[in-house]
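[1] return atomic coordinates for the entry below.
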Amino acid sequence: MPVSPSGCFVSTMAKKLSAGIVLYRKRDTGPEVLLVHPGGPFWAKKDDGCWSIPKGEYLEGEDPLKVAKREFYEETGSELDGPCVELTPAKQSSGKMIRAWAVEGDLDAASIRSNSFSMEWPPKSGRVQSFPEVDRGLWCELPLARKKLLPGQRVLLDELERRIR
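    Numbering: from 1, shown residues only. All right, here's what the predicted structure looks like:
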């Protein structure tokens, strides 16, 4: 690992980038957003503060909007239709930067089907199991979405609310 002039180790890791979609629909009671719950055993019993917008990581040089649309499809099984309005990027406490686009639309949250991933489970068992990337979706009004969503993504809801009200 490289060392800075002050003698400290310097990380050579590339910054993590993520791109996603804030799908919303307008209702008489106010806007609702689609959130997805991560699949797998680590998240199985977690709820408030762990939901996300459909998103995924990308590499520097990739088109983040194309990545956001691809990840939306991979995590929901649905194609996007409609204009994409870029929101201000959200920097996470981990340093990851999320680029997101608001899209007005609708889909049946109960019909979400995502890609799967494999991992050894239980740990050190030697058994590899497959789990969905997303195990369920939920439409919710903004106050509930703020409670369910990962803290670093809540700023995206604030901007969406300002733009559509």
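[2] residue 66: how many residues sit nearby?
    Residue neighbour count, defined by other Cβ atoms under 10 Å, stands at 11 for residue 66. Bear in mind the C-beta positions are built from the backbone N, C-alpha and C, glycine included.
[3] and residue 18, by the same measure?
    23.
[4] so how far is residue 90 from it?
    To residue 90, residue 18 is 9 Å away according to Cβ to Cβ, to the nearest Å.
[5] mutual contacts of those two, please.
    Shared contacts of residue 18 and residue 90, defined by Cβ atoms under 8 Å, 6 or more residues apart in numbering, are found at 97, 98.
[6] element containing the closest residue to residue 50 other than its chain neighbours?
    Nearest residue to residue 50 in three dimensions, chain neighbours excluded: residue 43, at 6.0 Å (Cβ to Cβ, 6 or more residues apart in numbering). Using DSSP states H and E, residue 43 falls within no helix or strand.
[7] residue 43 touches residue 49, doesn't it?
    No - at 11.1 Å, residue 43 and residue 49 do not qualify as touching, with contact defined as Cβ atoms under 8 Å.
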